[in-house]
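>>> fold the following, please.
(chains A and B)
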Amino acid sequence: MIISLENITSKDASVVGSKALNLSKLINLGYEVPKGFCITTSAYLEFLKGTTVSSSISGELARRDMKDMRWEELWDASLRIRNLFSVTELPKQLRDTLADAFKGLKDVSLAIRSSAPGEDSASTSFAGLHESFTGVTGCENSIESVKLVWSSLWSDSALLYRRELNLQVESSSMAVVVQEMIEGDFSGVAFSKNPANGKDQIVIETVRGLNQKLVDGAADPCRYIIDKSSSKPVDITTGEYTEPPLSSDILRLLMDTIGLLERDLDYPFDMEWTIKDGQLYLLQVRPITTLTDDDEKPWEKDDKRPWYRSLTLTFTSLERLEKHITESVLPQMDKAASVIEGRPFKNLSDKDLATEIEERRTAYSHWKDVYWKDLIPFAHGVRLFGKLYNDTIKPADPYEFTRLLSTDDMVCIKRNAALADIADTIRRSPDTREFLLKGQLHSLEPDFKKSLDEFLGLFSASVFKGERIFTDTSSLIPLLLNASSGLRERVFSTPIELEKTFLEKFDPANREEILKVLGLARVSWKMRDDDNLYLGRIEATLLDTFALGRTRLMKSGNYSELTEDEVLCLLRGEESLCTTFKKEEVPDDTSPFHLGMRRFTGQPASPGIGSGRARVITSPEELFTFQKDEILVCDAIDPNMTFIVPMASAIIERRGGMLIHGAIIAREYGIPCVTGIEGATTYISTGDLIVVDGFLGTVSITDE
Amino acid sequence: MMYVFESDYFFIKEQHMKDMSRITQLLNQISHTQFFGVLATSKDNNPYTTLVAFLLDDDLKTLYFVTPRDTRKFGHLSSNGAVSLLIHNSSNKPEDTSEAVGVTISGKAAELSKPSAAIPLKMFLDKHPQLKEFTTLENTAFIAVKISRYDIVERFQNVTVLKIDNQEEKL
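As a prediction, the model looks like this:
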């Protein structure tokens, strides 16, 4: 179960994994490698055998067909599996074996790394799928890190490539490499071939001190690009340094070592290294993962997996991104929306209106790209904090951390609070209710009218499925009357105790750093809702012009339905280019077979059990028909429709995830919620009697 | 693009067709790979289950099995034709909880006369050649179940229902 690195031979390949095997080869070839040992895959298998973890993993992976799962859902599944490993005790004998292996290393700082069989081989390019931990000290911490390395066999990245990796509960396993940390004077990575363009150049990146800063993106390294034939640098970028930090002796030592390794290995490689007191240590050598660089937006490619993997940013990169978003992106979006909103369009000629639509469409498309490029990656702040919280607290509920992120400052919470106030006034004043029922808005109290205008103002740019939700005060009336029958209140209060317990787990010297991570996660959490509203404002300006164009065309011609492109074509007078959309005739269903669902499994996004009649929402009008205690069924709750949530007794969403808007708001109000129900809007009909189990993640239709 | 209105009607129709094709394939696949199922019958409020060799017609409308007439299950069937049959692809592992598929087939059973049994019996024996001699015995009844519904359980808790119109009335 435990083999020291120098004793590993090629016959151990299947139980020590690629990383350990590569390190043992380097040792045998005479290179200097930090001392250490491998915990073989038998320890992982022993852990599975002695616990119920493997059935739980199977259950987790079976919730939904993996090919239907979005990356966010895979990340959620992975977080639950990670938590499962973390909270499950090791069988006694296994614990004793591991404790024994770590016994002599009490005061030594360790690197504890994944070494999966099949990972890092020359034929695969899945580097970095699994987790590694550095600077670990003490037996208990080391054992905990080993468990987390094991759990990373099921990381979100690994799940993305599950088919290619042939990842199976019954046959996959993970070994772990444990090495002494070398506190180097300089560290870095080096490539035997330029990974950016494949040229015969050596690329060396270096930072002062530990390598981890470079791997995490916490330091801006100095980069040397060296021509192999002349051994001369062709380009040096100093990064955060004023002068290139490596002496010519160190550079020579690195290049000589790369030359030797090229002779010993038969593939282009990258190596992680560190130098202490003039001695070079190799931390890892593996085949180069080829990088391609093309113009296509990574989020629009057919294979989006590399884009998803790029979303797991480090704290340092997130900090930089936050600055960019708050100081540049959001103010610019706000400005762009104001400028467009200020442009009158109602009296434009048809041709000029078409031009205006084109311009608004270009603006919207630009900001949508910015949204994908900067705002979506920023959401990772929440996930990063989640992992830190779970590693520190080991909570029974892996989503307990979201309670620390909740804030009153979110736009949707403000809207719901305003709606609750208005509903309360209606409940207390029969006259007001009567005026609203009769549509006599002019008879309402001035103060009440003012609060309605203010509420409408909060929704000025709200769009749902391509239509504005509220156009004027009268469109609010059905919602207000429904809401006046009573709304749920938020169950979350500021979790002072929870925050205190969390912070007390850290050394006081590090608390400031931890508070920064928490602060960043809170901004990231708030931004998940609010960024949609910024983009929604720009989208609304586009929809207004389309709506005008469509109205004009409907009046003048015999069109029943027009797409955006058709509106543009017809406004420009290019009727001949326009292929008007005809609804396909669908023959009546004469088959004797009728398919339905009576029970669904999804993700348990908010705990609790709720039952009632379903209300399936597919259009803005249906939002206003929502009655108190109905079950909200929809494709995806977007931040513009969360105002009906306090009326719902449970929530069902087709889109999956634990950190999506619907899940967040459901937890805020203590409403049971299940997400990732593939056939939700297809197989559930308004009026069906439903039971939602937010503990198990199931939905049942009970009156089929 | 976010502002393109998606036709919910076509979306639902498409999902129905996709799911229908997946479910019928799944049913055919299980019925071809599994030889035995658990038959549930009931008489005078007494439920009873037995293991039977079955054949599911490729059109998914009829299920066949054979039984001696002096058995308890035949006694039940004679007084109450309502039956259900469980077939599944589990392999007796813990992972079956989430990985196995179970199908409950419900319908109305009746014995087929010799002439109407000829064709289905041949198909039945193609699947279960070891029962050839048994089916020729005087005491063996060939039973057809007109199926009214399937309840398909996958991934532990996902239950799809496939109903068939008016099958019972045709018997």
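
>>> from now on I want contacts and neighbour counts done on CA atoms only, so please keep to that.
OK.

>>> the top helix by length along chain B packs against which elements?
The helix that spans the most residues within chain B, counting by DSSP state H, is helix B:8-33. On a contact count with 3 or more Cα pairs under 8 Å, 6 or more residues apart in numbering or on different chains; DSSP states H and E, helix B:8-33 meets helix A:680-683, strand B:82-88.

>>> all strands of the stretch 601-704 of chain A, in order?
Shown for the stretch 601-704 of chain A, the strands assigned by DSSP state E, counting those that start in this stretch span residues A:603-606, A:609-617, A:631-634, A:650-653, A:673-675, A:689-693, A:698-701.

>>> chain B is nearest to which of those strands?
Comparing the strands of the stretch 601-704 of chain A by their distance to chain B (Cα to the nearest Cα), the top pick is strand A:698-701, with 7.2 Å.

>>> so what strands line up beside that closest one?
Partner strands and pairing direction for strand A:698-701 (DSSP bridges) are strand A:593-601 (antiparallel), strand A:689-693 (antiparallel).

>>> what does chain A have sitting close to chain B?
Contacts of chain A with chain B, taken as Cα under 8 Å from any Cα of the partner chain, map to A:55, A:58-59, A:62-64, A:465-466, A:539, A:543, A:563-564, A:592-601, A:618, A:679, A:681-682, A:698.

>>> to B:Asn80, which of the strands paired with strand A:698-701 lies closest?
Closest approach to B:Asn80 among these (Cα to Cα): strand A:593-601, 24.8 Å.

>>> could you check how far the spatially most central residue of chain B is from B:Phe35?
For chain B, B:Ile105 is the residue whose C-alpha lies nearest the centre (Cα atoms, centre = their mean; 4.0 Å). B:Ile105 is 15 Å from B:Phe35, where distance means Cα to Cα, to the nearest Å.

>>> equivalent analysis for A:Leu388, please.
As judged by Cα to Cα, A:Leu388 and B:Phe35 stand 51 Å apart.

>>> for the helix or strand of chain B with the lowest mean pLDDT, name the packing helices and strands.
Here the helix or strand of chain B ranked lowest by mean pLDDT, DSSP states H and E is helix B:96-99, holding a mean of 80. On a contact count with 3+ Cα pairs under 8 Å, 6+ apart, helix B:96-99 meets helix A:53-61.

>>> send the alpha carbons of the helix it packs on over as PDB?
Extracted C-alpha coordinates of helix A:53-61, given in PDB (Å, rounded to 0.1, in the frame of the first residue of the first chain):
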ATOM      1  CA  VAL A  53     -18.900   5.700  -0.700                       C
ATOM      2  CA  SER A  54     -19.000   3.800  -4.000                       C
ATOM      3  CA  SER A  55     -22.800   3.400  -4.000                       C
ATOM      4  CA  SER A  56     -23.200   7.000  -3.200                       C
ATOM      5  CA  ILE A  57     -20.900   8.000  -6.100                       C
ATOM      6  CA  SER A  58     -23.000   5.700  -8.400                       C
ATOM      7  CA  GLY A  59     -26.200   7.300  -7.100                       C
ATOM      8  CA  GLU A  60     -24.700  10.800  -7.700                       C
ATOM      9  CA  LEU A  61     -23.700   9.900 -11.300                       C
END
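
>>> which parts of the helix or strand following that helix are buried?
Once the chain leaves helix A:53-61, the next helix or strand it forms, by DSSP states H and E, is helix A:71-87. For helix A:71-87, a neighbour-count test (16 or more other Cα atoms under 10 Å in any protein chain shown) marks A:71-87 as buried.
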